[in-house]
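In: Just a sequence and a predicted model for now, questions to come.
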Amino acid sequence: MIIKNVRILGGEPVDIRISGGVIAEIGQGFEGEAVEGGGAIALPGLVDLHTHLREPGREDAETVQTGTQSAARGGYTAVHAMANTSPVADTAGVVEQVWRLGREFAHCDVHPVGAVTVGLEGKQLAELGAMADSAARVRVFSDDGKCVDDAVLMRRALEYVKAFDGVIAQHAQEPRLTSGAQMNEGVISGRLGLTGWPAVAEEAIIARDCLLAAHVGSRLHVCHVSTAGSVEILRWAKSKGWNITAEVTPHHLLLTDDLVEESPVGAYNPIYKVNPPLRTRADVEALRAALADGTIDIVATDHAPHPVEDKETEWSAAAMGMVGLETALSVVQEAMVETGLLDWAGVAERMSVVPARIGRLAGQGQALDVGAPANITLYDPSVRTKVDPSAFASKSRNTPYEGMTLPGRVTATFLRGRPTVLEGKLV
Ligand SMILES: [Zn+2]
């Protein structure tokens, strides 16, 4: 098969010939059965290090099938499925179940994340080695949704995963400092009378974990960094040469906490309730600069689907989280490319190449060269469209961007040469 007239990382127009699931030839004027690229930008298939697929247990919110359809529409060819399912993915049996569902139903590769502690309870290490040795070959471990707040357990987890080159992905949230917390602690939380979620609750854990990772010589990945102070700590830790990586979500690159007070959908709208919370404009600026200069390594969606009844309720009772797979690339274009902070090569590094490297995925996140697997995302950055959640492939609709006009559109996604999306639609 041939993909005609695409611009790899925004370069000069070329044709790509695919054979046996790999890129066989890159050139011009190829003849044969072709998909017309229309001058779209070609990126290596996107890789998400942080997706909630909700299966098993909350199939009313999302399934492996619908979540990966959502991923494919967003240009993703691989996702890491977080462990906070029901049952929790804390044994070889459960991670293999998710892995098998991925093989059977998925529109992109599914790599289960294993829980760090049994039941995400923070008391006892889960069977990390058994999950690593299982058919799912787990390399990323996280209690995401909860923080591994016990320093001794965190140290032991970091030590344990060294044996199989694993990484602990920490959801940095000091639980005592965030008891009952509802939104970013600051001027607006004070005015609205909502319990504040202080930046220090994130920063204290990140600082501690950087020191622990350095102490035992292991790999730490910091999930969804949200504050300027966290960026400063990461910059310091990386200057030491420690083996630490970090992610930022699209929503933390674009949205701020004042939306809780005043927004197109009114005040106190739980569509903006998320963990960690939306922060201030100064935090957003610091996160953008950190993603541009490499202090933050990657963008991860933290795609967190919730059914309507869990979001459309009063603020304090509403679930935390936003869907994000189908809008991620557009939000990154708006926040990072339109602002001149990243070019398309920079976007490919942060949304494909480096996330695949952190997850130790062979066959994903490779540059679009001859011989590489044909995992390809075609993206038209020139259009601007209103976000319409009713068109999402995700089972859930909890997007903060409804009605907003965002740039760009994924026109096609190819998984090892097989189209999963063509002309913006699922195949
Ligand atoms: Zn989290």
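Out: Sure, I can see it.

In: In the protein, what residue comes closest to the ion?
Out: residue 171 (3.8 Å; CB to the ion). Where you see a C-beta, it was placed from the backbone N, CA and C, and this is true even at glycine.

In: How about that residue: what's its closest non-neighbour residue?
Out: Distances taken as CB to CB, 6 or more residues apart in numbering put residue 144 closest to residue 171, at 4.6 Å, once the chain neighbours are dropped.

In: ok, the one you found - contacts?
Out: In this structure, residue 144 makes contact with 50, 82-84, 113, 169, 171, 223, judged by CB atoms under 8 Å, 6 or more residues apart in numbering.

In: Adding neighbour count and pLDDT, write those out as a markdown table.
Out: Converted to a markdown table, the contacts of residue 144 look like this (neighbours: other CB atoms under 10 Å; pLDDT from 0 to 100):
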| residue | neighbour count | pLDDT |
| --- | --- | --- |
| 50 | 28 | 98 |
| 82 | 27 | 98 |
| 83 | 30 | 98 |
| 84 | 22 | 98 |
| 113 | 29 | 98 |
| 169 | 30 | 99 |
| 171 | 25 | 98 |
| 223 | 24 | 98 |
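
In: So which of those residues sit within strands?
Out: Among the contacts of residue 144, DSSP state E puts 50, 169 in strands.

In: Would you verify that residue 286 is located in a strand?
Out: No. Assigned with DSSP: H, G, I helix; E, B strand; the rest coil, residue 286 falls outside any strand and is helix.

In: Next, the contact list for the closest residue to it other than its chain neighbours, please.
Out: Using CB to CB, 6+ apart and skipping the chain neighbours, the partner closest in space to residue 286 is residue 228 (3.6 Å). Residue 228 sits next to 199, 282-283, 285-287 when contact means CB under 8 Å, 6+ apart.

In: Up against the ion, what does this protein have?
Out: Proximity of the chain to the ion is confined to 144, 171 under the rule CB under 5 Å from the ion.

In: check contacts around residue 146.
Out: Counting by CB under 8 Å, 6+ apart, residue 146 touches 84, 120, 122, 171, 173, 175.

In: Need the pLDDT of it.
Out: Looking at residue 146, its pLDDT is 98.

In: what kind of secondary structure is residue 158 in?
Out: Under three-state DSSP, residue 158 falls in the helix class.

In: And the contacts of the biggest helix by length in the chain?
Out: Counting residues, the longest helix found in the chain (DSSP state H) is helix 199-216. Contact with helix 199-216 is made by 147, 149, 151, 154-155, 158-159, 162, 168, 170, 172-174, 177-178, 181, 184-185, 219-220, 222, 225-230, 233-234, 237, 240, 242-244, 276, 279, 283, as judged by CB under 8 Å, 6+ apart.

In: Next: stretch 27-41.
Out: 1-10, 13-15, 17, 344, 378-381, 411-412, 419, 422.

In: Which of those fall in strands?
Out: Those of the contacts of stretch 27-41 lying in strands (DSSP E): 2-8, 13-15, 17, 378-381, 411-412, 419, 422.

In: residue nearest the centroid of the protein?
Out: Centroid-nearest residue in the chain: residue 300, 2.3 Å away (criterion: CA atoms, centre = their mean).

In: Taking helix 199-216 as reference, get the angle to the helix or strand hosting residue 290.
Out: Per DSSP states H and E: residue 290 is located in helix 281-293. Calculated by axes from the mean of the first three to the mean of the last three CA atoms, to 10 degrees, helix 281-293 forms an angle of 30 degrees with helix 199-216.

In: Now do the helix or strand just after helix 281-293: which elements does it pack against?
Out: Tracing the chain C-terminally past helix 281-293 and defining elements by DSSP H and E, one meets strand 298-299 next. Contacts defined by 3 or more CB pairs under 8 Å, 6 or more residues apart in numbering; DSSP states H and E place strand 298-299 against strand 244-248, helix 354-358.

In: Please, where are all the strands along the stretch 301-427 of the chain?
Out: Taking DSSP state E, counting those that start in this stretch, the strands of the stretch 301-427 of the chain run over residues 376-386, 405-415, 418-422, 425-426.

In: what ranges do the helices span in the protein?
Out: Going by DSSP H, the chain shows helices at 64-73, 92-105, 128-133, 151-161, 187-192, 199-216, 228-239, 250-254, 281-293, 308-311, 328-332, 344-348, 354-358.

In: now the fourth one: how far from the chain's centre is it?
Out: The offset between the C-alpha centroid of helix 151-161 and the centroid of the whole chain comes to 24 Å, using CA atoms, centre = their mean, to the nearest Å.

In: Next: the longest one.
Out: Computed by CA atoms, centre = their mean, the separation of helix 199-216 from the middle of its chain amounts to 21 Å.

In: and the angle for it with helix 228-239?
Out: Using the same axes, to 10 degrees: helix 199-216 against helix 228-239 is 10 degrees.

In: hang on, residue 408 packs against residue 378?
Out: No. Using CB atoms under 8 Å, residue 408 makes no contact with residue 378, being 11.1 Å away.

In: Pick out whichever of these two has more residues nearby.
Out: Per other CB atoms under 10 Å, whichever of residue 408 and residue 378 has more neighbours is residue 378, with 27 against 24.

In: State the distance from the more buried one to residue 91.
Out: 39 Å (CB to CB, to the nearest Å).

In: what's the answer for residue 263, then?
Out: 42 Å.

In: Which one's more surrounded, the two?
Out: residue 91 (18 against 15).

In: Now do the same contact list for the more buried one.
Out: Going by CB under 8 Å, 6+ apart, residue 91 touches 126-127, 130-131.

In: In TSV, list those residues along with pLDDT.
Out: Formatted as TSV, those follow (pLDDT from 0 to 100):
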residue	pLDDT
126	98
127	97
130	98
131	98
